[in-house]
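**Student:** Compute the structure for the input listed below.
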Amino acid sequence: MEGYPSDGSCDEYHAGALPKRVLDWSYLMLNTQTLAQNLEALCNDERRHSEHIEAIILSNNQLTTVPHIISRFTHIKVINVSNNGMVRLSEAICECPLTTLIAKNNLLESDSIPKSLANITSLMELNLSGNNLSVFPEQILEIPSLKYLFLGGNRMTEIPQEIWKLHSLQVLYMGGNQLTEIPASVGELEHLHSLILCDNMLESLPASVANLRLLKSLLLHKNQLKTLPPEIIALKGLSELSLRDNPLVVRFVRDMTHNPPSMLELAARIIKIHSIPYSSEEVPQNVFEYLNGAHYCLNPKCKGVFFDNRVEHIKFVDFCGKYRIPLLHYLCSSKCMENVNANSAEECSLSNDMMKKVLLG
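**Tutor:** As a prediction, this is how the structure comes out:
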C-alpha cells in the first residue's frame, strides 16, 4: 500500500459500520437556512420517525455551520459535513451522542472548534483534515474515547506534549502539516497501530517511538529525515514503513564528520582505555563528570571511547527480515569507519536494492 493521502481523505467510518437509519442529504446545494427548514419539517412529520435516524450525511453542500435543530436527533451517531466551506462547528453538534464526526475539507480554524467538543464522551472518530487549523485544538485532548484522529492537511506546527491523554488512540493522522518535531510523549500511545506523519518538515523522530509495540504502519515520506533512531528496530510488528523523499534516501548519508579532538578528550580517552583509576577526590568535579560521560565505540572490534568528538557512520540494519534501513552509528575514529566498511562490503554493494525496499516500505 502506498500510504494515506496527506489531506487525510479517508472516508471509512472506523468506529463501525454505517448505521441503517441514514439521512443522506449530500450534493443538494443546501445552505444553513434551508437545511434548518428541512430538518424542522422532518422533525414535525410524525410519519418519518426522525427520532430513529442514526446518521446524517451533509457533505458537498453550502453550509457555513450546522443549525441548532440538529440536537433534536437524539439517537444520531454519525455526522458528516465534509466539503461545505464551513467556518464554524456548531455547539449543537456537541449535544449529540456521536461516535463519528467528519468535517474534513472545510474552512475551520482553531478557534472555530467549540470547547464543548470534549462533552461528546462517546466520540471514537474525529476527522478535521483539510481545514485551516494552525494550532492543535486542546479540547480534543479531553476526549479519551477517541480511537481515530485525522488532522491532516492543516497548518499545525506542533503536536502537544499532552497527546498521551488520548490513551485509546489507534490511528493518528498528522500528514500534510508543518510539523518540525514530534514530542516524546507520542511513545505513550500504547494502542497506536498507525502513525501518519508524511509531508511535514521533520528532521528526526524521538526514540520513544520504539515503545509503540502495536505499531503496524509508520508513514514518514516527504520530510527532512536524515536518520532514524536505532530503537526503531524494536518495532517487530511494523509492516509498512514509508521513507521516500527524505534526505536519508534521496542523498544517502555517508559523509564522515571528524574534527581534531581537544586535549581534554585525548587525555580522557587514555584514562578510560587504560583503565587508569580516578575519583572525585583526586580530580575536579567537572572533570570527574566528564570522564563518567564516556561513550563506547560501536565497532565490536574496537575498545575505544569518545566524549564530544565522534565519527558519524550510516549502517544498513536488518529490519524484520523484510528490508534494511539506514541507521546512524557513532564511532570513535576514522579507522573504525574503515574496519566497519571492510566488514560490510556486501551490504554496500546491495545498498541500492535495499533502499528501494525501504521506499516501498
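
**Student:** what residue ranges in the stretch 151-300 of the chain score low on pLDDT?
**Tutor:** 250-259 (pLDDT under 70).

**Student:** Let me see the ranges of the strands in it.
**Tutor:** For the stretch 151-300 of the chain, the strands defined by DSSP state E, counting those that start in this stretch cover 171-173, 194-196, 217-219, 240-242, 295-296.

**Student:** Residue 285 is nearest to which of those strands?
**Tutor:** strand 295-296 (20.1 Å; Cβ to Cβ). C-beta here means a position set from N, CA and C on the backbone, and glycine is covered the same way.

**Student:** Can you name the next helix or strand after that closest one?
**Tutor:** strand 305-306 (DSSP states H and E).

**Student:** re the thing from before, need the strands of the stretch 151-300 of the chain in CSV with mean neighbour count, can you?
**Tutor:** Formatted as CSV, these follow (neighbours: other Cβ atoms under 10 Å):
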stretch, mean neighbour count
strand 171-173, 22
strand 194-196, 23
strand 217-219, 23
strand 240-242, 21
strand 295-296, 13
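
**Student:** could you dump the ones you listed to CSV with distance to residue 114?
**Tutor:** Output for the strands of the stretch 151-300 of the chain, formatted as CSV (distance: least, Cβ to Cβ, whole Å):
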stretch, distance to residue 114
strand 171-173, 21
strand 194-196, 26
strand 217-219, 30
strand 240-242, 34
strand 295-296, 51
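
**Student:** Can you report phi and psi for residue 126?
**Tutor:** Per-residue torsions, residue 126: phi -130, psi 120 (degrees, to the nearest 10).

**Student:** Residue 127 now?
**Tutor:** phi -120, psi 110.

**Student:** now it, which residues is it bridged with?
**Tutor:** Per DSSP bridges, the residues bridged to residue 127 are residue 102, residue 150.

**Student:** And it, what's its pLDDT?
**Tutor:** What the model reports as pLDDT for residue 127 is 98.

**Student:** doesn't residue 202 make contact with residue 180?
**Tutor:** Yes - counting by Cβ atoms under 8 Å, residue 180 touches residue 202, with 6.7 Å between them.

**Student:** Between these two, which is the more surrounded one?
**Tutor:** Set side by side, residue 180 and residue 202 show more neighbours around residue 202, with 19 against 14, by other Cβ atoms under 10 Å.

**Student:** mind listing what residue 159 touches?
**Tutor:** Shown in contact with residue 159 (Cβ atoms under 8 Å, 6 or more residues apart in numbering): 136, 174, 179, 182, 183, 186.

**Student:** any chance of the residues you listed in TSV, with distance to residue 244 too?
**Tutor:** Below are these laid out as TSV (distance: Cβ to Cβ, whole Å):
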residue	distance to residue 244
136	26
174	18
179	18
182	19
183	25
186	22
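
**Student:** which residues does residue 208 contact?
**Tutor:** Counting by Cβ under 8 Å, 6+ apart, residue 208 touches 184, 185, 186, 187, 188.

**Student:** The last one - nearest residue in space that isn't next to it in sequence?
**Tutor:** This points to residue 188. Computed as Cβ to Cβ, 6 or more residues apart in numbering, the closest residue to residue 188 that is not its neighbour in sequence is residue 164, at 4.0 Å.

**Student:** go on, the second one?
**Tutor:** Ranked by Cβ to Cβ, 6+ apart and with sequence neighbours excluded, the top spatial neighbour of residue 185 is residue 164, at 4.4 Å.

**Student:** And for the third one?
**Tutor:** Distance criterion Cβ to Cβ, 6+ apart; nearest residue to residue 186, sequence neighbours excluded, is residue 163 at 6.0 Å.

**Student:** That neighbour: neighbour count?
**Tutor:** For residue 163, the count of nearby residues is 22 (other Cβ under 10 Å).

**Student:** thinking it is in contact with residue 185, fair?
**Tutor:** Yes - Residue 163 is within contact range of residue 185, at 5.5 Å (criterion: Cβ under 8 Å).

**Student:** Please report how far residue 94 lies from residue 144.
**Tutor:** As judged by Cβ to Cβ, to the nearest Å, residue 94 and residue 144 stand 16 Å apart.

**Student:** More neighbours: the two, which one.
**Tutor:** Neighbour count, other Cβ under 10 Å: between residue 94 and residue 144, residue 94 has more, with 19 against 13.

**Student:** so what's that one up against?
**Tutor:** Neighbouring residues of residue 94 by Cβ under 8 Å, 6+ apart: 114, 116, 117, 119, 120.

**Student:** now the residues you listed: which count as buried?
**Tutor:** Among these, those buried by neighbour count (16 or more other Cβ atoms under 10 Å) are 114, 117, 120.

**Student:** excluding its backbone neighbours, what's nearest the last one?
**Tutor:** What sits nearest to residue 120 in space, not counting adjacent residues and going by Cβ to Cβ, 6+ apart, is residue 98, at 5.3 Å.
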